[in-house]
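> Coordinates for the following, if possible.
(one chain, ligands or ions: 1)
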Amino acid sequence: MSEIVLVVAVAENGVIGQGGKIPWHISEDLKRFKALTMGHTVVMGRRTWDSLPRKPLPGRKNVVVTRNVGWRAPGAIPATLPEIDLSYITPGEAVVMVIGGGEIYRHFLPKAKRIELTEVHHAFDGDAKFEFNRTDWTETKRESHITPDGLRYSYVTLTR
Ligand SMILES: NC(=O)c1ccc[n+]([C@@H]2O[C@H](COP(=O)([O-])OP(=O)(O)OC[C@H]3O[C@@H](n4cnc5c(N)ncnc54)[C@H](OP(=O)(O)O)[C@@H]3O)[C@@H](O)[C@H]2O)c1
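Residues are numbered from 1 along each chain as shown. Below is the predicted model:
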């Protein structure tokens, strides 16, 4: 069975999205997202799929979770919950990257052993959130950065 890893960028008030978009732009974080996920299977909700400017994400197997059994899109492998059988979709793969959004993180959080978190040190308005109990997790890595326009953020690895 593959290890489930959540990859998520979260504002200090828990916000991850607003109106179908991520409410900040951190180009270095997009590069980190690409590096973390490249070559792996990524699992996302249908709304996150819709939000992607370029789809499918190249170089990755794109699994899209939807309740709509007839849903199809070029480059996407449709899946349902809780029936999703990752051992079938990702045989022999060491990790599966869960890339959002809010509903999909909530579903996979109890099964995850690692979170690759980007903490954005600012509060944003939003309608999608990622909230979890930090005390369940051990911080194993932290790297702090700032964007050219002064937004502070940190890459944090959490494991349990
Ligand atoms: N900051 C970040 O790291 C990050 C990452 C990813 C996304 N986001 C943001 O998050 C927001 C999207 O998150 P969201 O919570 O609105 O949507 P989402 O989790 O991306 O997708 C929700 C969809 O997943 C499907 N789904 C959910 N539960 C299901 C279940 N039990 N069984 C089958 N299908 C199920 C449904 O698709 P159907 O409606 O087709 O049935 C549902 O509409 C956007 O603003 C996006 O930009 C942020």
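
> When you work out contacts or count neighbours from here on, use the C-alpha atoms and nothing else.
Will do.

> all helices for the chain, in order.
Applying DSSP state H to the chain gives helices spanning 27-37, 46-51, 86-89, 102-108.

> The second one near the ligand at all?
Translated: helix 46-51. Yes - if you take C-alpha under 6 Å from any ligand atom as the test, helix 46-51 does meet the ligand, through R46, R47, T48, S51.

> Kindly report the same for the first one.
No - with C-alpha under 6 Å from any ligand atom as the measure, helix 27-37 is seen stopping short of the ligand, the closest distance being 9.0 Å.

> any idea of the mean pLDDT for that helix?
Throughout helix 27-37, pLDDT has a mean value of 98.

> With the shortest one instead?
pLDDT averaged over helix 86-89 equals 71, rounded to a whole number.

> will you turn the helices of the chain into TSV that also has mean neighbour count and distance to A79?
Listed next are the helices of the chain as TSV, based on neighbours: other C-alpha atoms under 10 Å; distance: least, C-alpha to C-alpha, whole Å:
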stretch	mean neighbour count	distance to A79
helix 27-37	14	19
helix 46-51	18	10
helix 86-89	13	9
helix 102-108	18	12
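
> Out of the ones you listed, flag the one nearest N68.
With distances scored as C-alpha to C-alpha, the stretch of the helices of the chain nearest to N68 is helix 46-51 (9.5 Å).

> Touching the closest one from outside, list them.
G20, K21, K55, V64, V65, T66, G100, G101 (C-alpha atoms under 8 Å, 6 or more residues apart in numbering).

> hmm, back to that, would you turn the residues of helix 46-51 next to the ligand into TSV with distance to A112 and pLDDT?
Output for the residues of helix 46-51 next to the ligand, formatted as TSV (distance: C-alpha to C-alpha, whole Å; pLDDT from 0 to 100):
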residue	distance to A112	pLDDT
R46	20	98
R47	21	98
T48	19	98
S51	24	97
